[in-house]
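Q: The sequence and its predicted three-dimensional model are supplied below.
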Amino acid sequence: NAGVMQNPRHLVRRRGQEARLRCSPMKGHSHVYWYRQLPEEGLKFMVYLQKENIIDESGMPKERFSAEFPKEGPSILRIQQVVRGDSAAYFCAGGSVSYEQYFGPGTRLTVT
Amino acid sequence: AQSVTQLGSHVSVSEGALVLLRCNYSSSVPPYLFWYVQYPNQGLQLLLKYTTGATLVKGINGFEAEFKKSETSFHLTKPSAHMSDAAEYFCAVIVNNQGGKLIFGQGTELSVKP
């Protein structure tokens, strides 16, 4: 996966807790994309960020979800007050241009 | 709205047989086209992509795909299937004037029989 790191790989949260998913793209890659893969569904775009800027958040649920990509450190996808329907695999992809997206191994979130 | 359709959610072939995974897209402007492979519990790996230029694109692991604008298709082929090709395959597009988000098809699970 070309060095894109995501952690944790597996995350279990009880309903109502917060989930924080981290993504570190390869060095030099300033674009980060988050995608969600729900059971029995394909991958859906959530948000596209560049350093300190949200470029496109058209795929983000309106409530409880937020994302950031600070000047220093990893990109964070934050889900507040998780519900069972948030259980999914969350993938981030990094790149320096839109047509070169390298995916991380994903974080599998389970909400109990 | 742009969309990607993969015909067949499950495809089964015998080892050594031709692999053909179908992908059609809808877009009012020329898209960038991609095929990704996903092995169980792993992330996505880029097989090949078409951006501009030659319409027949060769990728990794012996796969290739041909962009046919008149048919709005980007089918993935491999002449001879190997057991290690068993995985899920996703076709995706980026529409040039809509930033970088990938729009994925529903995926095709490829099984390879010995």
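A: Ah, there it is.

Q: contacts, neighbours, all on C-alpha from now
A: Fine.

Q: for the chain, what spans make up the strands?
A: In the absence of a named chain, chain A is used. In order along the chain, chain A carries the following strands (DSSP state E): A:5-7, A:10-13, A:19-24, A:31-37, A:43-50, A:53-56, A:65-68, A:75-79, A:88-95, A:102-103, A:107-111.

Q: let's do chain B instead
A: Along chain B, the stretches classed as strands by DSSP E are B:3-7, B:10-14, B:19-26, B:31-38, B:44-50, B:56-58, B:64-68, B:73-78, B:87-95, B:103-104, B:108-113.

Q: low pLDDT regions in chain B?
A: Counting by pLDDT under 70, chain B contains low-confidence residues at B:96-99.

Q: For it, what lies in contact range of chain A?
A: B:32, B:41-46, B:51, B:94, B:99-107 (C-alpha under 8 Å from any C-alpha of the partner chain).

Q: Restricted to buried residues, select these in ChimeraX.
A: Remark: buried members of the residues of chain B next to chain A, expressed as a ChimeraX selection using 16 or more other C-alpha atoms under 10 Å in any protein chain shown:
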select /B:32,42,43,44,45,46,51,94,100,101,102,103,104,105,106,107
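
Q: And the contacts of stretch B:46-58?
A: A:99, A:102, B:31-37, B:59-61, B:63-68 (C-alpha atoms under 8 Å, 6 or more residues apart in numbering or on different chains).

Q: Weed out the non-buried ones from the residues you listed.
A: Judged by neighbour count, with 16+ other C-alpha under 10 Å as the criterion, the buried members of the contacts of stretch B:46-58 are A:99, A:102, B:31-37, B:63-67.

Q: Show the end-to-end separation of stretch A:9-16, please.
A: 20 Å (C-alpha to C-alpha, to the nearest Å).

Q: Could you do stretch A:19-39 as well?
A: Length of stretch A:19-39, first residue to last, C-alpha to C-alpha: 18 Å.

Q: for stretch A:100-112, same thing?
A: End-to-end distance for stretch A:100-112: 36 Å, by C-alpha to C-alpha.

Q: what's the answer for stretch B:91-101, then?
A: Taking C-alpha to C-alpha, the first and last residues of stretch B:91-101 lie 13 Å apart.

Q: close enough to count as contact, residue B:109 and residue B:10?
A: Yes. Under the criterion of C-alpha atoms under 8 Å, residue B:109 makes contact with residue B:10 at 4.7 Å.

Q: If you count surrounding residues, which of the two has more?
A: Here residue B:109 and residue B:10 are set side by side on neighbour count (other C-alpha atoms under 10 Å in any protein chain shown), and the busier one is residue B:109, at 19 against 12.

Q: Skipping adjacent residues, who's closest to that one in space?
A: Once its chain neighbours are removed from consideration, residue B:109 has its nearest residue in residue B:88; the separation is 4.2 Å (C-alpha to C-alpha, 6 or more residues apart in numbering or on different chains).

Q: Now do the contacts for the one you found.
A: Taking C-alpha under 8 Å, 6+ apart as the test, what residue B:88 contacts is B:37, B:38, B:39, B:107, B:108, B:109, B:110.
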